[in-house]
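> Prediction below, plus the sequence it came from.
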Amino acid sequence: MLRTVIVGAGGVGNVVAHKCAQDAETFGEIWLVSRTLGKCEAIAKDIEASTGVKIKTAVIDADNVAETAAFLKEIQPKVLLNIALPYQDLTLMDACLEAGVHYLDTANYEPLDDPHFEYRWQWEYQDRFEKAGLTALLGSGFDPGVTNVFCAYALKHIFSEVETVDIIDANAGDHGLPFATNFNPEINIREITANGRYWEKGEWKEVPALSVKQEFDFQHPDVGTRSIYLLYHEELESLAKNLPGLQRIRFWMTFSENYINHLRVLENIGMTSVEPIHYEGQEIVPLQFLKAVLPDPASLGPLTKGKTFIGCLITGTLKESGEKATRFIYNLCDHEECYAEVKSQAISYTAGVPAMIGARQLMSGAWLRPGVWNLEQLDPDSFMDDLNAWGLPWHVREANQSLEL
Ligand code: NDP
């Protein structure tokens, strides 16, 4: 019997479980497993109400390889979708190897006590997955994920050579709260407070966190002109390595002045630190405490209005004319429409739908290729078709914009 296991029942796990249930023919029996059973059961109830599909639930500790592998051996799914946290990537890859299950995640591994991420740890699994005849897809969310596929599509269909890529991620939505993060606060704040970094002509260049900013006109009435900040983002590492001829790649994200002010205060008073402190006889990590007092991203769904706009601004040599040109490949997603469909805002939706679509490529066999892969290494066409079919339609437009530092 065909089975699929989804690990993690947070904001993104909720979307993934809904979307897999919408395509139960492909995914077979769906298991949503996580640390807290109540969250899995609540999602299962919503899914049954909206799709009529009954999914199964269970508790697992994904940090425990033996326990997870034993569970997988019993269930025997074809694919495991890791929608827990980046801290679980390696243990879940180990469990998949032990149980003979294909693997997919949406964020690269990060050690819990060291706020930095890189692909090295997961790329080191290449031989083991290849020898086991298993496929591991790394970073099948929106960014990383769809952004990587947009680049592969541009290189396959639009440009003979890609010179520069600027990935631009805008949340033009508003939840009306003074301060909240759109996905797991701990992961989100670790990412934003790290130094910015981009790649140019074979070298990494570093700038202080949130120090490079510019105004960008999205040329869309629902988004307008917004401040975008240069950040380091994990797909830069794999795209710099895998896009032939690339000269420069950078990542930008929009933040409001209000968001930046809150973040600066939290940082200045030590609340974003991952160094444990002693407080009334126990050890606490300030950032983890902060996560506990901030709004749960899953609770933002009914509050958020507006759109997200995420895309790749790519300059290169056009296949057809041989001329240098810029194209913007992007998706626009509406928070309220997402909530109406799967009870989630667009940030979790844009991350969760591509995880389901990546898994579809494994279930269909289109992307079954033993080894460990970033998404730009695989043929983009069926994934791009699925984006249109499963809720994240994309557009390509001529662009006359370039971004200078
Ligand atoms: P949440 O914190 O909302 O959910 C994480 C879930 O994982 C929770 O249900 C949590 O359980 C569960 N979990 C944590 N540790 C374990 C464990 N040891 N064993 C079993 N389950 C565990 O996070 P999000 O849903 O916001 O994010 C999920 C992932 O998606 C993250 O890795 C994030 O980085 C990634 N992401 C990727 C994006 C992209 O575009 N590529 C964009 C946004 C997010 P419990 O409920 O008990 O805490």
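The structure has been received and is ready for your questions. All values reported here derive from a predicted model rather than from experimental measurement. Residues are numbered from 1 along each chain as shown.
> who's in contact with Val207?
The contact partners of Val207, taken as C-beta atoms under 8 Å, 6 or more residues apart in numbering, are Asn195, Gly196, Arg197, Leu230. All C-beta spots, glycine's among them, are computed from the backbone N, C-alpha and C.
> cutoff 10 Å now
Residues near Val207 by C-beta atoms under 10 Å, 6 or more residues apart in numbering: Asn195, Gly196, Arg197, Tyr198, Leu230, Leu231, Tyr232, Leu405.
> Quickly note the distance from it to the ligand.
Using C-beta to the nearest ligand atom, to the nearest Å, we find Val207 at a distance of 23 Å from the ligand.
> how near is the spatially most central residue of the chain to the ligand?
Nearest residue to the geometric centre of the chain (C-alpha atoms, centre = their mean): Gly141, 3.4 Å. Using C-beta to the nearest ligand atom, we find Gly141 at a distance of 2 Å from the ligand.
> Over to Ala355?
If you go by C-beta to the nearest ligand atom, the gap between Ala355 and the ligand works out to 8 Å.
> How about the backbone phi and psi for that residue?
As for Ala355, its main-chain torsions (degrees, to the nearest 10) stand at phi -70, psi -40.
> my read: it touches Gly141, true?
Yes: Ala355 lies in contact with Gly141 (C-beta atoms under 10 Å); the separation is 6.1 Å.
> Which neighbours do these two have in common?
Residues touching both Ala355 and Gly141 by C-beta under 10 Å, 6+ apart: Val12, Val16, Ile83, Asp105, Thr106.
> what about the first one, is that helix, strand or coil?
Assigned state for Val12: helix (three-state reduction, DSSP: H, G, I helix; E, B strand; the rest coil).
> which one of the shared contacts of Ala355 and Gly141 is nearest Val162?
Val162 has its nearest neighbour among the shared contacts of Ala355 and Gly141 in Thr106, at 24.0 Å by C-beta to C-beta.
> Find the nearest non-adjacent residue to the closest one, please.
Gly141 (3.5 Å; C-beta to C-beta, 6 or more residues apart in numbering).
> how far does stretch 317-337 stretch from start to finish?
Stretch 317-337 has an end-to-end distance of 37 Å (criterion: C-alpha to C-alpha, to the nearest Å).
> Now do it: distance to the chain's middle.
20 Å (C-alpha atoms, centre = their mean, to the nearest Å).
> Same check on stretch 49-63?
Remark: stretch 49-63 is offset 21 Å from the chain centroid, using C-alpha atoms, centre = their mean.
> swap in stretch 382-400?
17 Å.
> Equivalent analysis for stretch 64-82, please.
With C-alpha atoms, centre = their mean as the basis, stretch 64-82 stands 22 Å off its chain's centre.
> What's the local residue count around Ala389?
Around Ala389 there are 12 other residues, counting by other C-beta atoms under 10 Å.
> Thought Met356 was touching it, still the case?
No: checked against C-beta under 10 Å, the pair Ala389 and Met356 is beyond contact range at 11.2 Å.
> what sits against the closest residue to Asp386 other than its chain neighbours?
Take Asp386 and drop its neighbours on the chain: the residue closest to it by C-beta to C-beta, 6+ apart is Ile357, 4.4 Å away. Applying C-beta under 10 Å, 6+ apart to Ile357 gives the contacts 19, 23, 140, 145-146, 149, 382-387, 389-392.
> Quick check: which element contains Ile357?
According to DSSP states H and E, Ile357 maps onto helix 346-364.
> tell me the domain ranges of this protein?
The chain breaks down into these domains under automatic domain parsing: 3-138, 146-344+394-398.
> mean confidence score for the longest one?
Looking back up the chat, that one is domain 146-344+394-398. Averaging pLDDT along domain 146-344+394-398 yields 95.
> Which secondary structure state is assigned to Phe117?
Going by three-state DSSP: Phe117 is coil.
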